[in-house]
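Undergrad: Give me a model of this one.
(2 chains, ligands or ions: 3)
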Amino acid sequence: MTIPRLLLPPEGENWSSLETYRRNGGYSAAEKAIGSMEPAAIAEAVKASGLRGRGGAGFATGMKWSFLPKDGKRPRYIACNADESEPGTFKDRQIMERNPHQLVEGLLIAGFANAIDAAYIYVRGEYRAAYEALTRAIGEARAAGYLGRNILGTSLNFDVFVHRGAGTYICGEEPALMESLEGRKGQPRKRPPFPAIAGLWRRPTIINNVETMSHVPGIIARGAQAFREIGTEKSAGTTIFGVSGNVQRPGAYELPLGTPLREIIFDHAGGLAPGRQLKAVIPGGVSMPVLTAEQAMTVTMDHDALQAAGSLLGTGAVVVIDDRQCVVRAAAVIAKFYRVESCGQCTQCREGTGWLHKLLLQVESGHASATQLQAIEDVTRFMEGHTICGLSDAAAWASGWFLRRFRADFEAHLDGQGCPHDGTSFEI
Amino acid sequence: MTLSQQLIERIRAEFPKYPEKRAVLLTALHFVQEEQGGWVPPELIPEIAALLEIHPIDVKEVASFYHMFHEHPVGRSHLQVCTNLSCALRGARGVVRRLEGVLGVRPGELSADGEFSVEEVQCLGSCGSAPVIQVNNEPYLENVALGDVETLVAGLRGRRLAAVGE
Ligand SMILES: Cc1cc2nc3c(=O)[nH]c(=O)nc-3n(C[C@H](O)[C@H](O)[C@H](O)COP(=O)(O)O)c2cc1C
Ligand code: SF4
Ligand code: FES
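TA: Ligands and ions are numbered 1, 2, ... in the order given. Purely as a prediction, here's the structure:
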């Protein structure tokens, strides 16, 4: 069976010019939608397709769109989340650099379906190449009459703008992204109000990930049913699995949801170096609970199966760790990420992320005892469920699950023993 | 010190994209930083604020919140090395150590000739081609091997001399 490609051009190809994109069927979905479909029918198709958000939480996209008010008041906005900053995650960048028009087309269709005036793509500041590819694509689309005023000769007006962030993971969180786009510090805000009611500039706003929006043209062109047929019952379509760490062919692999993790690691990403064994796998970006090798060998990469295995799909970013590596070090670098990226508003998160990092470094160096392991557990409980946004929970899960699933490795460091993998493991 | 007329025009050209001028703040800071060689001198903050019709403190707090904006001078080549998990698993720590040896600076420091600075960053979104370095805001250097470090540094030095010779 050939693997369907819904997001990326074939290996080695780049469709970033309007000409190549159109040669491969580009903008036919937008022409169909705007020329012959009612906005409500488009939103219905997205709902029927079973598309779920690809930014990490897996929320049903059609449902999210339906929260917009029906009062017809304008303006309304789309905020497209291209902040992609969680270690392990590099999938949206593939779309923006190699197929940017598909994102623009997705935004245009979503804009038409939801009576939106403008979309802002919030792209992390480091992504220079993605920024340039998007800027070029938008310029071409505008010149060709797909954006701007009287789109395709109709009365539709809609535009897309690229907005550069400046290197902070927290700006990928919904309210923080909107604060940042408005020109403020990217600090999360309590919800409600939800963005659909009061988002950008207090106007109704839908916020979706790059990959989520890039699926929309395919759903319109091929139909909701065709999308549903790929993947599993509750996790429809393909996704881009970014595979990194100790594999022979790290990279981005577009595959149906529900693909066995084992197949992703061993067939697509080339498996481990000769003689090495699998130790641990993070299945969805470092926020998601780590899996042991045994769990990783049997799980499939869809929402239900990962949840049943005690983890989550997240961004589908697979980080592979082999048996030479120290899992305490892995937990410590992840803890450092959260310490650096916490926005500092909530005490539990600001203090907790720092404590976790410090405690993990103590364990790694051998200067710890059972007391420190208990402290890690206590801190994670203190951090979970008590803060404005999900960063604190993510940090707590990451450390907590490493400890719970690899307790023997942690214990092997204690009371002056130090790191048993010193010399073979990666360094921090 | 003042903003150049060209820069002011570039910032103003962004206004029509948004319902409020303030939304241009991050973009304006990027422009200023590029023109100033990698940092935002504090003397320019009141001018940026006036242009966007906000208070200087609004600019200051944003400039200090975001990792990419620098409030102190950085090297003409500012090297951001990712040391988080995917890069660490493929040798990022060794790359940082080699850079420290070759340049004689530690992360957070500026070399005596003002040529280089090194910063450890958390993830550049290029985990599948780790380890990764970004010089200034240019396209990434991917799959950096330990043996590449000397050549990389030599290339960056040479590039500046070529630019001066033009
Ligand atoms: C701390 C934090 C960081 C996040 N970073 C991102 C990100 O970089 N990109 C993204 O698409 N979603 C990110 N999310 C998830 C978004 O808040 C949101 O769920 C998503 O953009 C919604 O789009 P979707 O429904 O299309 O997935 C983050 C969430 C949190 C709590
Ligand atoms: S949980 Fe952390 S990142 Fe989120 S708002 Fe609180 S302090 Fe900021
Ligand atoms: S962890 Fe280094 S680029 Fe993502």
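Undergrad: Next up, the contacts around residue 156.
TA: Using chain A here. A:34, A:112, A:150 (Cβ atoms under 8 Å, 6 or more residues apart in numbering or on different chains). C-beta: built from backbone N, CA, C; applies to glycine.
Undergrad: You answered for a different chain; I wanted chain B.
TA: B:Leu156 touches B:77, B:115-116, B:135, counting by Cβ under 8 Å, 6+ apart.
Undergrad: can you pick the most crowded of those?
TA: Of the contacts of B:Leu156, B:Phe116 is surrounded by the most neighbours, 24 neighbours in total, counting by other Cβ atoms under 10 Å in any protein chain shown.
Undergrad: Just give the closest residue to that one, not the sequence neighbours.
TA: B:Gly75 (4.1 Å; Cβ to Cβ, 6 or more residues apart in numbering or on different chains).
Undergrad: The biggest helix by length in chain A and ligand 2, are they touching?
TA: Assignment by DSSP state H gives helix A:347-365 as the longest helix of chain A. Yes. Applying Cβ under 6 Å from any ligand atom, one finds helix A:347-365 touching ligand 2 at A:349-350.
Undergrad: Quick one: list the elements packing against that helix.
TA: With contacts defined as 3 or more Cβ pairs under 8 Å, 6 or more residues apart in numbering or on different chains; DSSP states H and E, the packing partners of helix A:347-365 are helix A:327-341, helix A:370-383, helix A:391-405.
Undergrad: residues contacting the residue in chain B that ligand 1 sits nearest to?
TA: Taking Cβ to the nearest ligand atom, ligand 1 has its nearest neighbour within chain B at B:Gly125, 8.9 Å off. Going by Cβ under 8 Å, 6+ apart, B:Gly125 touches A:84-85, A:89-90, A:92-93, A:124, A:126-127.
Undergrad: Make JSON lines out of those and add neighbour count.
TA: Shown next, in JSON lines, are the contacts of B:Gly125 (neighbours: other Cβ atoms under 10 Å in any protein chain shown):
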{"residue": "A:Glu84", "neighbour count": "30"}
{"residue": "A:Ser85", "neighbour count": "25"}
{"residue": "A:Thr89", "neighbour count": "29"}
{"residue": "A:Phe90", "neighbour count": "29"}
{"residue": "A:Asp92", "neighbour count": "32"}
{"residue": "A:Arg93", "neighbour count": "27"}
{"residue": "A:Arg124", "neighbour count": "27"}
{"residue": "A:Glu126", "neighbour count": "28"}
{"residue": "A:Tyr127", "neighbour count": "28"}
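Undergrad: In helices, which of these fall?
TA: Per DSSP H, helices hold the following members of the contacts of B:Gly125: A:92-93.
Undergrad: how about the nearest residue to the residue in chain B sticking out farthest from the centre, chain neighbours excluded?
TA: Distance from the centre of chain B peaks at B:Pro19, with 28.5 Å (Cα atoms, centre = their mean). Excluding the flanking residues, the one nearest B:Pro19 by Cβ to Cβ, 6+ apart is A:Trp201, at 5.4 Å.
Undergrad: can you confirm the one you found is in a helix?
TA: Yes. Counting by DSSP: H, G, I helix; E, B strand; the rest coil, A:Trp201 falls inside a helix.
Undergrad: show me the contacts for it.
TA: Applying Cβ under 8 Å, 6+ apart, the residues near A:Trp201 are A:77, A:182, B:19-20.
Undergrad: residue nearest the centroid of chain B?
TA: B:Asn136 (4.3 Å).
Undergrad: what about chain B, any weak spots by pLDDT?
TA: Under the criterion pLDDT under 70, the flagged ranges of chain B are B:160-166.
Undergrad: And the strands in it?
TA: B:77-82, B:116-121, B:133-135 (DSSP state E).
Undergrad: hey, C-alpha coordinates of the first one in PDB?
TA: Written as PDB, here are the backbone C-alpha positions of strand B:77-82 (Å, rounded to 0.1, in the frame of the first residue of the first chain):
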ATOM      1  CA  SER B  77      28.700  36.400  15.000                       C
ATOM      2  CA  HIS B  78      26.300  35.400  17.800                       C
ATOM      3  CA  LEU B  79      26.200  31.600  18.000                       C
ATOM      4  CA  GLN B  80      23.200  30.000  19.500                       C
ATOM      5  CA  VAL B  81      23.800  26.300  20.200                       C
ATOM      6  CA  CYS B  82      20.800  24.100  21.100                       C
END
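Undergrad: Could you check how far A:Gly186 is from ligand 2?
TA: 9 Å (Cβ to the nearest ligand atom, to the nearest Å).
Undergrad: Would you mind stating the distance between that residue and ligand 1?
TA: 10 Å.
Undergrad: pLDDT wise, what is that residue at?
TA: Per-residue confidence (pLDDT) for A:Gly186: 97.
Undergrad: pretty sure it is touching A:Pro175, no?
TA: No. Counting by Cβ atoms under 8 Å, A:Gly186 does not reach A:Pro175; the two are 9.1 Å apart.
Undergrad: ok, those two, which is more surrounded?
TA: The residue with more neighbours, out of A:Gly186 and A:Pro175, is A:Gly186; 26 against 20, by other Cβ under 10 Å.
Undergrad: quick one: which helix or strand includes that one?
TA: A:Gly186 is located outside every helix and strand, with elements delineated by DSSP states H and E.
Undergrad: Can you give me the neighbour number for B:Arg106?
TA: The number of residues near B:Arg106, taken as other Cβ under 10 Å, comes to 11.
Undergrad: Distance-wise, check it relative to A:Ala43.
TA: Distance, B:Arg106 to A:Ala43, by Cβ to Cβ, to the nearest Å: 54 Å.
Undergrad: now do B:Leu44
TA: Taking Cβ to Cβ, one finds B:Leu44 at 46 Å from A:Ala43.
Undergrad: Ok, B:Glu43 next?
TA: For B:Glu43, the distance to A:Ala43 - Cβ to Cβ - is 51 Å.
Undergrad: Would you confirm that A:Gln372 contacts A:Leu356?
TA: No. A:Gln372 lies out of contact with A:Leu356 (Cβ under 8 Å); the separation is 10.8 Å.
Undergrad: Of the two, give the one with the bigger neighbour count.
TA: A:Leu356 (27 against 17).
Undergrad: close to chain B, is the longest strand along chain A?
TA: Counting by DSSP E, the longest strand found in chain A is strand A:238-245. Yes. Remark: strand A:238-245 sits within contact range of chain B at A:242-245, by Cβ under 8 Å from any Cβ of the partner chain.
Undergrad: Turn these into TSV, columns for neighbour count.
TA: Shown next, in TSV, are the residues of strand A:238-245 next to chain B (neighbours: other Cβ under 10 Å):
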residue	neighbour count
A:Gly242	29
A:Val243	27
A:Ser244	28
A:Gly245	29
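Undergrad: State the pair within those that is farthest apart.
TA: Of all pairs drawn from the residues of strand A:238-245 next to chain B, the greatest distance, 10.5 Å, lies between A:Gly242 and A:Gly245 (Cβ to Cβ).
Undergrad: Any chance you could list residues touching both of those two?
TA: Joint contacts of A:Gly242 and A:Gly245 (Cβ under 8 Å, 6+ apart) are A:318, B:127.
Undergrad: sorry, back to before: name the nearest of the contacts of A:Trp201 relative to A:Met301.
TA: For the contacts of A:Trp201, the nearest to A:Met301 is A:Tyr77 (32.3 Å; Cβ to Cβ).
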